[in-house]
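J.: Pasted the sequence and its predicted model underneath.
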Amino acid sequence: SGPHIILLQETNPSWEELLREDAIALAFVYTYFHHPGPSDRKAGGSAILSQFPLDRDKIELLDFSDIVPGSVFPAMVCDVSIPIKVKGSSRTTTTSSAQGNCNNVTITIANVHLRPPVNLDGSAWLDTARKTEPIRIGEVKELLRRRSSQESESKRAIDIIAGDFNEGDSGGAIQHLITNGYTNALSQFVPRRKETHRWNYFGRVWQLRKRLDHILWRSNVLSSTRTADCRLKLDCVNCGVLSGYEYDASDHQPVLSRFAIIKDT
């Protein structure tokens with residue numbers, strides 16, 4: 001089956017108009033779009049399309065620019081209510097609305113677009129990725145700090161962090177998240193030779209290929225089930241890069257991960 005939740009970056013009002021029509025037709029009835037203001041950078045838009053209910057009152061747009069100099073795009077953090085049925089086996093939890101010990105589980109997702117490896121004027125040199133890496137590290141540090149320092153019923157820790165990280169598997173921001181208990185699904189399931197981003201120079205004479213888009217998750221007990229009769233956690237069972245978008249669609253290719261919600265044993 002296809003995805004139940006879609007995270008997008010660099011959206012705008014025109015895309016929203018088109019996507020809302022398609023999303024509703026495809027049963028993505030729960031949507032939230034953020035568009036940059038007149039003084040913001042145009043690539044700062046983001047969106048979530050979901051087949052599961054979103055808690056719109058708790059959606060946060062976190063601007064890190066006041067704490068992390070050079071940060072240019074906000075992160076979107078939202079809670080998604082997943083209907084499930086817990087079965088006897090520890091790995092047979094299903095996304096079903098049927099009655100069970102736990103009828104709904106809330107997961108918290110962050111949709112990120114970290115600082116691009118370019119200068120603020122759009123130029124880039126051989127060392128620009130290295131020089132902007134501390135900004136990306138600062139952004140994920142601040143993301144974790146803001147959630148962990150306020151963790152409560154209304155401010156849960158983030159279960160999935162996904163989006164355009166603008167760095168590869170060994171980048172500083174990715175490694176900081178791994179140090180803090182997250183796992184990179186792309187690294188775990190997709191061979192290093194497979195890119196998620198292509199950029200053409202001089203038509204298609206020379207093509208730059210990178211792995212910039214990632215999905216990270218943590219396997220801790222879900223905050224929403226810590227006091228429930230059944231303590232549950234996320235488990236990523238697969239991840240891949242979807243083909244067919246390499247030409248005349250986007251310079252980024254979609255990354256798709258499949259998660260199971262399993263009992264904590």
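T.: Received it, and whenever you're ready, just let me know what you need.
J.: Give the residue spans of the stretch 51-200 of the chain that score low on pLDDT.
T.: For the stretch 51-200 of the chain, applying pLDDT under 70 flags the ranges 86-102, 149-155.
J.: the strands in it, which residues?
T.: Assigned by DSSP state E, counting those that start in this stretch, the strands in the stretch 51-200 of the chain fall at 60-62, 75-83, 104-113, 160-164, 182-184, 197-201.
J.: Buried ones in the third one, by neighbour count?
T.: Buried residues in strand 104-113, counted by 16 or more other C-beta atoms under 10 Å: 105-113. Heads up, the C-betas are built off the backbone N, CA and C, glycines and all.
J.: Apart from its chain neighbours, what residue comes closest to the residue positioned nearest the centre of the chain?
T.: Centroid-nearest residue in the chain: residue 162, 1.9 Å away (criterion: C-alpha atoms, centre = their mean). Leaving aside its chain neighbours, residue 162 sits nearest to residue 215 (4.2 Å; criterion: C-beta to C-beta, 6 or more residues apart in numbering).
J.: what is the rounded mean pLDDT of stretch 213-231?
T.: Averaged across stretch 213-231, pLDDT comes to 82.
J.: With just CA atoms, put that stretch into PDB.
T.: The C-alpha trace of stretch 213-231 is given here as PDB (Å, rounded to 0.1, in the frame of the first residue of the first chain):
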ATOM      1  CA  ASP A 213      16.700  13.500   2.500                       C
ATOM      2  CA  HIS A 214      16.400  11.200   5.600                       C
ATOM      3  CA  ILE A 215      13.900   9.700   8.000                       C
ATOM      4  CA  LEU A 216      15.000   9.100  11.500                       C
ATOM      5  CA  TRP A 217      13.100   7.500  14.400                       C
ATOM      6  CA  ARG A 218      13.700   6.500  17.900                       C
ATOM      7  CA  SER A 219      12.600   3.200  19.400                       C
ATOM      8  CA  ASN A 220      11.900   4.400  22.900                       C
ATOM      9  CA  VAL A 221       8.500   3.700  24.400                       C
ATOM     10  CA  LEU A 222       6.000   6.100  22.800                       C
ATOM     11  CA  SER A 223       5.200   9.000  25.200                       C
ATOM     12  CA  SER A 224       1.500   8.500  24.700                       C
ATOM     13  CA  THR A 225       1.600   4.900  26.000                       C
ATOM     14  CA  ARG A 226       3.900   5.200  29.000                       C
ATOM     15  CA  THR A 227       1.000   5.000  31.500                       C
ATOM     16  CA  ALA A 228      -1.200   2.700  29.400                       C
ATOM     17  CA  ASP A 229      -1.800  -1.000  29.900                       C
ATOM     18  CA  CYS A 230       0.200  -1.700  26.700                       C
ATOM     19  CA  ARG A 231       3.500   0.100  26.300                       C
END
